[in-house]
Every structure is written in C-alpha cells, then in structure tokens.
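Engineer: following is a predicted model, sequence given first.
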Amino acid sequence: PLLNSFQRQLLLDLEKRLKNEIYGQDLVITQIVQSLIAHEVSGIKERPYTLGLFGPSGVGKTEIGKALARALYGEKAQAVVIPMGNITRFSDFEMIFGSAAKYQGGDIEREFERALRENPRGGVIIFDEISNMGANDPQLKNALFKKLYNLFEEAKWTSPRDSRVYDLRNYKFILTGNDGEQLFLRLTSDDLLLATWQQNNHPERMRDLLREAHLPNAFINRINLLLLMKPILKHEARMIVQKLLHKEIKNIMNTYPDVKIRFTDDFLDKLTQTFYSTDQGGRSVRKALENGVNAAIGLTLLKSGLPPEKLKDFTLELDLWGPQTKRPYLSPKPQTHKIELSTKIYKKNRIIYTDSIDLTQIAEKQTLLSAHAAKSVAYHEAGHAVVNDPKFTGQKVSYITIRGGNTGNLNYYGYTRFHSIDNNRNGNLDYQKTVEHIAQLWAGRKAQELAGFTTDSGWSDDLRKIRLIATDYLTTWGLEREFIALPVD
C-alpha cells in the first residue's frame with residue numbers, strides 16, 4: 001500500500017472518516033486504524049487481518065465493520081454479517097462453512113463461501129456473537145473454535161465442497177460479542193462508565209474475559225487486536241439520537257415527499273435524556289423512534305385528514321413533554337410523571353391540528369431527590385472528600401456527584417470516587433491507615449449531622465465497609481495482640 005498513492009491516501013483518511021460515521025468510539029477507532037496500517041504496510045501478509053470488538057450492546061461494533069467495508073472496499077461495499085452465536089452443534093457450523101461433497105447437502109454453497117465468491121477482491125466479514133458459539137459447553141466450544149484455527153492462521157481457505165482454494169489476504173475478519181458488558185450492567189453515571197472502561201480496556205483483561213467465556217487460548221492469540229468497546233456517554237448519545245432521528249424522518253419523507261418536519265435542539269436533548277439507556281445503547285433510542293416518533297407522525301398525518309398532495313403547504317412540529325430536568329433534584333413545583341410526544345401541524349404560523357401520544361411506559365426511569373435531600377447528600381459526599389488524607393489512604397478525589405443512579409443492584413443518590421496516586425504503594429494496612437480509612441467513610445454521616453441534617457439510611461454502604469475494615473483489622477490480619485487467638489467462624 002505504501003507504493004500505491006490511492007491506498008496511501010485511503011489509509012491516511014481512514015481515521016477521520018470512521019470518526020465522522022461512528023460516534024463515541026474515537027480512541028477505539030484510533031487503535032483500530034493503527035493496527036490496520038501496521039498490518040497493511042507490512043507488505044507480507046501471511047494471515048488475514050482479525051479484529052475482536054467486545055462489550056455492551058448498541059455501541060457500534062457492527063457499525064464499525066460496515067463503515068470499514070465502505071471505506072476500504074468502496075461506497076457500495078457491504079460487510080457480510082454471519083451469526084456465529086446460533087451455532088450450538090457441528091451441523092450448525094457446517095450450515096455456514098459447508099461440508100464435504102460426499103455428505104448430504106455437501107454440494108450446496110454455504111454462507112461463508114458465498115461471501116468469498118461474491119467479494120473476490122476482498123471485504124469485511126463479521127463473525128457476530130462469536131463467543132456464544134457452542135453455547136455453554138466448554139468441550140463443544142473448544143472443538144468448534146479449533147475449526148477456525150487454520151482460517152485465521154493461514155491466508156487461504158479450502159472449500160470442503162469442491163476443494164477450491166480462496167485467497168484470504170485481502171479480507172478483514174471482525175469478531176464481535178457482548179463479553180465485558182457485565183462490567184457496565186446498570187451503571188448509569190457517565191463517570192462510572194468511563195472509569196470502568198478505562199480500568200478494563202487492555203489486552204490482558206480482554207483475554208481474561210474471553211477465557212471466562214471458554215474461548216481457547218490458541219484461538220484468542222490468533223486475533224490481531226482485542227478491544228473493549230466504550231459505553232456511549234450522554235453527550236455522545238445526543239449525536240447518535242440526532243443521526244437516528246434524521247434517518248427515520250428521511251424514511252418517512254420517502255412515503256410523504258412533501259411533508260416538512262421540524263424539531264428544536266431542546267427536543268433532541270429531551271429525547272436523549274428520556275429514552276437513551278446505557279444498557280441497550282443506540283438500540284434503546286431506535287425503539288423509541290420506531291414506537292414513538294414514527295407512530296406519532298403517522299397518526300397525525302392520518303387523523304389530520306390532509307391529502308398527501310397538499311402536505312407541501314404544511315409543517316409538522318415535534319415536541320416532548322414530561323418531568324425531564326438537567327438538575328440532579330426535583331423542582332419544588334408539583335410535577336406529572338407522564339411522558340408525552342406532541343405533534344402540531346402548522347400552515348404558515350397558524351396551528352391547524354394538534355395531537356399527542358403517551359410514551360411513559362418506554363421512557364427510562366430517573367432517580368431524582370427533593371432539593372432538601374439533594375443538599376443533604378451534597379454534605380455527605382463533601383465529608384468523604386474533605387477528610388480523605390492521601391498520605392494514608394493513597395487516594396485522591398476524582399469525582400463527586402449528587403445525581404442519583406445505580407450500580408449493579410445498588411441504588412445511590414450520589415457518590416465520591418477516588419483514584420490511586422501510587423500504584424506501587426504498599427497495600428498493607430497498619431493502625432494509622434485503618435483509622436484514616438474508617439474516618440473517611442464515617443465523615444459522610446458526620447458532615448450531614450454538622451450541617452443540621454438527620455442521619456438516614458443513605459450511609460448504610462459506608463457502615464458496611466467500616467465493619468469489613470474493622471473486622472479484617474482485628475481478626476483476619478490479627479493486628480491487635482489480644483485478638484490473635486480469637487477463633488473466627
């Protein structure tokens with residue numbers, strides 16, 4: 001590629017192009033492009049390029065593959081998506097990769113060979129949900145994955161149907177799976193999502209996650225690049241919502257070419273805040289658009305009685321009503337929990353028709369406190385931060401919030417997150433360090449009391465941690481002489 005000016009420019013433009021099409025994955029895209037360039041410019045390609053993209057649903061794994069296909073093989077090129085997660089026995093595998101001609105059905109061209117034949121110059125092939133291949137049977141998984149060793153190790157594949165040999169040097173294989181999504185399950189804070197991703201996005205951690213899913217080491221080591229996809233954060237989600245909304249409106253305008261649909265930036269903000277879910281990613285918004293926005297527009301156009309040929313004289317406006325707020329606490333004014341998508345049809349500046357549909361059931365639930373409770377939580381979290389002494393705890397404050405959410409099965413109304421300031425620090429605790437850790441945890445409750453707030457159940461997690469530290473100090477570590485002989489059940 002370095003000797004070909006077209007290929008050189010293609011590789012130089014690749015990162016910018018992918019970032020313009022895929023939102024929220026800039027660092028992942030940078031790593032992919034660097035890895036691809038290293039593979040392409042080597043000159044001698046003994047193996048096809050393989051990329052493993054794992055993590056939460058709806059964050060762009062498949063979209064990256066589709067964008068790569070268009071960028072590397074032409075605008076009309078389409079990535080081939082093969083559902084590997086449906087393979088639960090050897091016969092399923094043969095339905096995709098074929099079997100010898102002497103067996104029943106062996107003379108039929110299967111999905112994988114068809115992808116190679118229809119894309120002779122190369123292309124992107126996505127092995128979707130590959131870590132689910134073989135279901136939960138470790139022995140079956142091992143046997144099925146062994147069948148892919150040669151495919152990824154050599155730059156050729158021999159058809160079991162007619163022994164035709166295919167050159168794989170110009171193909172890119174992308175392996176996807178949801179391994180690692182449990183790390184982010186029910187995390188609602190952007191700060192926690194990002195911190196968790198940064199902590200886990202490194203090759204050895206990814207290998208551990210795939211080994212936990214019983215993928216053989218020999219297969220994992222054949223993958224050029226392993227990446228954990230980043231969860232989509234709220235400001236990135238808005239760009240995805242805008243892109244999906246424009247796409248849905250374009251589809252509607254294919255049916256009603258004269259209709260004019262408008263919405264404000266505030267509508268986009270409310271749509272994102274109300275319907276975007278970190279668990280489902282972009283799919284959560286797509287469902288809201290299909291079940292909400294499309295339905296509202298369709299019903300409005302039908303019930304208004306306007307003939308399609310006269311729609312060019314009218315404008316349809318979208319709006320969303322409900323208790324959305326950017327504040328981490330509720331307004332003192334009485335509020336309804338109902339979410340309504342409203343539509344208005346204008347002729348010039350005059351409203352001629354209005355309608356609305358209730359979308360409360362598909363909206364994301366928000367955890368919001370009263371203003372009084374939010375202030376109490378603010379003092380609680382400030383207490384943790386102020387009393388922390390990095391000399392003893394080895395930690396500094398990274399982030400404080402009083403916006404509620406959940407992590408795993410624990411609901412919270414705020415938190416203080418710390419980061420280690422010395423990874424080489426001796427982790428052993430002595431009396432002084434133990435006291436400092438307990439004081440930092442106790443300070444949340446004490447700050448509330450000093451500010452005039454009554455103690456509530458919000459500090460139960462702090463109390464649990466205090467008891468664990470004290471128990472370990474006295475019994476597990478035996479740091480008090482009189483407790484060394486204490487029997488522990």
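Structural biologist: Perfect, thanks for sending it. Numbering: from 1, shown residues only.
Engineer: so how far is Pro48 from the closest residue in space to Ser35 that isn't next to it in sequence?
Structural biologist: For Ser35, ignoring the flanking residues on the chain, the nearest one in space by Cβ to Cβ, 6 or more residues apart in numbering is Leu225 at 4.3 Å. Every C-beta, even on glycine, is put in place using the N, C-alpha and C of the backbone. To Pro48, Leu225 is 13 Å away according to Cβ to Cβ, to the nearest Å.
Engineer: which one's more surrounded, those two?
Structural biologist: Neighbour tally, Leu225 and Pro48, criterion other Cβ atoms under 10 Å: the higher count belongs to Pro48, 23 against 19.
Engineer: so who does the closest residue in space to that one that isn't next to it in sequence touch?
Structural biologist: Spatial nearest neighbour of Pro48, chain neighbours left out: Leu168 (4.2 Å); criterion: Cβ to Cβ, 6+ apart. Counting by Cβ atoms under 8 Å, 6 or more residues apart in numbering, Leu168 makes contact with 48, 116, 151, 154-157.
Engineer: show me where pLDDT drops low in the stretch 351-489 of the chain?
Structural biologist: Across the stretch 351-489 of the chain, the ranges flagged by pLDDT under 70 are 365-368, 406-410, 422-429, 476-489.
Engineer: likewise for the stretch 1-150 of the chain?
Structural biologist: The model of the stretch 1-150 of the chain has pLDDT under 70 over residues 1-3, 43-45.
Engineer: what do you get for the stretch 201-350 of the chain?
Structural biologist: 323-337.
Engineer: run the last query once more with 90
Structural biologist: When residues are selected by pLDDT under 90, those of the stretch 201-350 of the chain lie in 233-241, 243-244, 247-259, 270-295, 297-298, 301-302, 304-313, 320-340, 348-349.
Engineer: state the phi and psi torsions of the most centrally placed residue in the chain.
Structural biologist: For the chain, the residue nearest the mean C-alpha position is Pro231 (3.3 Å; Cα atoms, centre = their mean). Phi and psi for Pro231, reported as degrees, to the nearest 10, are phi -60, psi 150.
Engineer: show the contacting residues for Gly134.
Structural biologist: With Cβ under 8 Å, 6+ apart, Gly134 has these contacts: 87-88, 140-145, 214.
Engineer: any idea which of these is closest to Gln9?
Structural biologist: The closest of the contacts of Gly134 to Gln9 turns out to be Phe145 (Cβ to Cβ; 37.7 Å).
Engineer: C-terminal to the strand or helix carrying the closest one, what's the next element?
Structural biologist: Element membership for Phe145, per DSSP states H and E: helix 138-146. Note on helix 138-146: by DSSP H and E, the next helix or strand toward the C-terminus is helix 149-153.
Engineer: elements contacting that next one?
Structural biologist: The helices and strands touching helix 149-153, judged by 3 or more Cβ pairs under 8 Å, 6 or more residues apart in numbering; DSSP states H and E, are helix 217-220.
Engineer: can you tell me what sits against the helix it packs on?
Structural biologist: So helix 217-220 is contacted by 145-146, 148-149, 152, 207, 210-211, 226 (Cβ under 8 Å, 6+ apart).
Engineer: buried subset of those residues as a PyMOL selection?
Structural biologist: Burial among the contacts of helix 217-220 is assessed by 16 or more other Cβ atoms under 10 Å; the matching PyMOL selection reads:
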select buried, resi 145+148+152+207+210+226
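Engineer: hmm, which two among the contacts of helix 217-220 are most spread apart?
Structural biologist: Once Cβ to Cβ is applied, those give Lys146 and Leu226 as the farthest pair, at 19.3 Å.
Engineer: list the buried residues of stretch 371-386.
Structural biologist: Buried, per 16+ other Cβ under 10 Å, within stretch 371-386: 373-385.
Engineer: let me fix that: stretch 117-128
Structural biologist: 119, 122-128.
Engineer: for those residues, which one is nearest Gln31?
Structural biologist: Taking Cβ to Cβ as the measure, Gln31 lies nearest Val124 of the buried residues of stretch 117-128, at 17.1 Å.
Engineer: name the element that closest one belongs to?
Structural biologist: Going by DSSP H and E, Val124 is part of strand 123-128.
Engineer: what residues does stretch 7-26 touch?
Structural biologist: Stretch 7-26 has contacts (Cβ under 8 Å, 6+ apart) with 1-2, 29-30, 32-33, 36-37, 40-41, 59-60, 63-64, 67-68, 71-72, 229-230, 232-233, 236-237, 239-240, 243.
Engineer: list buried residues within these.
Structural biologist: 29, 32-33, 36-37, 40, 59-60, 63-64, 67-68, 71-72, 229-230, 232-233, 236-237, 240.
Engineer: where do the helices sit along the stretch 351-489 of the chain?
Structural biologist: 371-387, 390-393, 431-450, 460-471 (DSSP state H, counting those that start in this stretch).
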